[in-house]
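# Let me see the structure of the following:
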Amino acid sequence: MRKSSFKSGIHPYEGKEYSKDMKIIELGSDKIMTFPVSQHIGAPAKPIVKVGDRVLKGMKIAEAASFISSPVYSSVSGTVKAIENCSMISGAPSQAIIVENDFEDECVSGFGEVRDPNELSEDEIIKIITESGIVGLGGAGFPTGVKLSPKNKDSIDYIIINGAECEPYLTSDYRLLTEQTGNILMGVSIILRLFPHANAVIAVEDNKPDAIEELKKQSASLNRISVQSLKTRYPQGGERRLIASVTGREINSHMLPADVGVVVVNTATVFAVYNAVCNNIPLIRKVLTITGDGVNSPCNVSVPLGVSFAFVMEHCGGLKDNVEKLISGGPMMGMAMPNLNYPVIKTSSSVLAITSDDVAKMKTTACIHCGRCVKACPERLVPQLMAAAALADDVERFETLNGMECIECGCCTYVCPAKRPLTQTFKLAKIAVKATKVAK
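As a prediction, this is how the structure comes out:
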């Protein structure tokens, strides 16, 4: 094993004390359920139902439209009331299937039936994972069936289970690791079936000692599975940093983890694999963290996909009156939410409610060339020069400065004493670079 940390990065306020001790509770569904067909990287899924159709819980309602795509399943039984555009938190529109819930929870045939993964072939396992609509649940949303089918399968020697959960405030993966330890390990074993030359490493930051202890205890007798404690340092759970910490191997924006013999899978994704393969349950639920000083009752909650964040918050104690900002995800890489009227999708992870929006109160000044952003950058970039190029619309220089290697983690913005919106500047610059290439 390699040393489990890196010299850059930051130590932001963790905020995990709000919800880390709150066991996962299960929430029911709402009267109207909204299922966007764009819940993943790749082509939007294609609706296979029409208005007026009755759907069942666990029924496929939209099929994958291409190799890089993923199907969508209904988490309730009911009637399709509309197929129309809805707004996503990112601001992008997505076609969505609107289902009126009948609250009968009538399931498709075979839903929830236990099966032995040892009786399944590798091809059958991949087909189940792909057909179950599983994508990267850590936020990336890349179709898991594709990720687990690299061309160089025999050269994969590391399966890294990302249990770092380095984003402040989030604790849903931690709760899964502690409450579903045995099932997580079963999911890891299933994935290892696909890679005969690989060993699995469950990588967890050392601010979760009880999860590490329980994982080590239950995996002690399992072959090819080990647990590695990582130093708590943001962004330890970023894919590139995680691979380097566990294996010492480096990748960049032009490479995939498989290019260095690694496959990285998020904790929640592993749990979804377990449910799909062992229990014949497609991806229809997601564990969220509801947290922050603006929440009356911070918690971790398992919710059906398609329910609104407003419904979830209402049934989790609601918001305080003095909330100034809502964030989908964590404070470092999450997105601000104007309201809670958005559906929970596969890549949803959290609602963070805060009563004091310090970012909005900051006053930006000129760069003082202190170099703190350089020291903090986990990709060893020079943010102050990248920002100068970006603000001058010099996309060529931005690219020459390796600006496309920015992982948008927010470390540079966090440490900047001039309060410059560096990360946002780089996001826009990267879009401009890609647009320039398309134009050519």
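
# Report the secondary structure state of residue 228.
Recorded secondary structure, residue 228: strand (DSSP: H, G, I helix; E, B strand; the rest coil).

# what about the helices in the stretch 201-350 of the chain?
In chain order, the stretch 201-350 of the chain shows helices spanning 209-219, 239-247, 267-279, 309-314, with DSSP state H, counting those that start in this stretch as the criterion.

# Out of those, which is the most enclosed?
With neighbours taken as mean count of other CB atoms under 10 Å, the helices of the stretch 201-350 of the chain reach their highest mean count in helix 267-279, at a mean of 24. All C-beta spots, glycine's among them, are computed from the backbone N, C-alpha and C.

# picking that back up, would you mind giving the helices of the stretch 201-350 of the chain as TSV with distance to residue 352 added?
Supplementary listing: these in TSV, determined by distance: least, CB to CB, whole Å:
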stretch	distance to residue 352
helix 209-219	21
helix 239-247	22
helix 267-279	17
helix 309-314	11
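
# Nearest to residue 116, out of these?
Shortest distance between residue 116 and those, using CB to CB, is found for helix 267-279: 8.0 Å.

# ok and the closest one relative to helix 209-219, angle-wise?
Counting by axes from the mean of the first three to the mean of the last three CA atoms, to 10 degrees, helix 267-279 lies at 30 degrees to helix 209-219.

# Give the other helices and strands that helix 267-279 contacts.
Taking 3 or more CB pairs under 8 Å, 6 or more residues apart in numbering; DSSP states H and E as the contact definition, the neighbouring helices and strands of helix 267-279 are helix 122-131, helix 144-147, strand 158-162, helix 172-179, helix 181-193.

# Between those, which one is closest to residue 270.
For the helices and strands packed on helix 267-279, the distance to residue 270 is smallest for helix 181-193, at 3.9 Å, taking CB to CB.

# in the closest one, what's buried?
Counting neighbours by 16 or more other CB atoms under 10 Å, one finds that the buried residues in helix 181-193 are 181, 183, 184, 185, 186, 187, 188, 189, 190, 191, 192.

# which one in the chain is furthest away from the centre?
No residue in the chain sits farther from the centre than residue 368, which is 35.0 Å out by CA atoms, centre = their mean.

# OK, contacts around the closest residue to that residue other than its chain neighbours?
Nearest in space to residue 368, with sequence neighbours left out and distances taken as CB to CB, 6 or more residues apart in numbering, is residue 418 at 5.8 Å. Residue 418 is in contact with 364, 365, 366, 367, 368, counting by CB atoms under 8 Å, 6 or more residues apart in numbering.

# Work out for me the element the last one sits within.
Assignment of secondary structure by DSSP states H and E places residue 368 within no helix or strand.

# Next, work out how far apart it and residue 10 are.
Using CB to CB, to the nearest Å, one gets 19 Å for the distance from residue 368 to residue 10.

# Quick check: buried residues in the least confident helix or strand in the chain by mean pLDDT?
Of all the helices and strands that make up the chain, helix 358-361 has the lowest average by mean pLDDT, DSSP states H and E, namely a mean of 78. Neighbour-count burial for helix 358-361 flags no residue at all (criterion: 16+ other CB under 10 Å).

# chain center to it: distance?
If you compare the mean C-alpha spot of helix 358-361 with that of the full chain, they lie 26 Å apart, counting by CA atoms, centre = their mean, to the nearest Å.

# And for stretch 179-197?
19 Å.

# Can you show me the strands along the stretch 1-150 of the chain?
Using DSSP state E, counting those that start in this stretch, the strands assigned to the stretch 1-150 of the chain run over residues 24-26, 32-36, 46-47, 54-55, 60-63, 72-73, 78-87, 93-101.

# pull the CA atoms of the following helix or strand past the least confident helix or strand of the chain into PDB?
Scanning forward in sequence from helix 358-361, with DSSP H and E defining helices and strands, the next element found is helix 372-376. In PDB, the C-alpha atoms belonging to helix 372-376 read as follows (Å, rounded to 0.1, in the frame of the first residue of the first chain):
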ATOM      1  CA  ARG A 372      -1.900  30.000  -1.400                       C
ATOM      2  CA  CYS A 373      -3.900  28.700  -4.300                       C
ATOM      3  CA  VAL A 374      -0.800  27.000  -5.800                       C
ATOM      4  CA  LYS A 375      -0.100  25.300  -2.500                       C
ATOM      5  CA  ALA A 376      -3.700  24.100  -2.100                       C
END
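
# buried stuff in helix 372-376?
Under 16+ other CB under 10 Å, the buried positions of helix 372-376 are 372, 373, 374, 376.

# hang on, the earlier thing: so for residue 288, which of the strands of the stretch 1-150 of the chain sits nearest?
Closest to residue 288 of the strands of the stretch 1-150 of the chain, according to CB to CB: strand 24-26, at 9.5 Å.

# The closest one pairs with which strands?
Applying DSSP bridges to the sheet, strand 24-26 is found paired with strand 299-304 (parallel).

# now the angle from the strand it pairs with to strand 32-36?
Using the same axes, to 10 degrees, one finds that strand 299-304 and strand 32-36 are set 80 degrees apart in direction.

# Output strand 299-304 as PDB, restricted to C-alpha atoms.
Backbone C-alpha positions of strand 299-304 (Å, rounded to 0.1, in the frame of the first residue of the first chain) are rendered in PDB as follows:
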ATOM      1  CA  CYS A 299     -30.700  13.100   9.200                       C
ATOM      2  CA  ASN A 300     -29.800  10.500   6.700                       C
ATOM      3  CA  VAL A 301     -32.800   9.300   4.700                       C
ATOM      4  CA  SER A 302     -33.500   6.600   2.000                       C
ATOM      5  CA  VAL A 303     -36.000   8.200  -0.500                       C
ATOM      6  CA  PRO A 304     -37.600   6.900  -3.700                       C
END
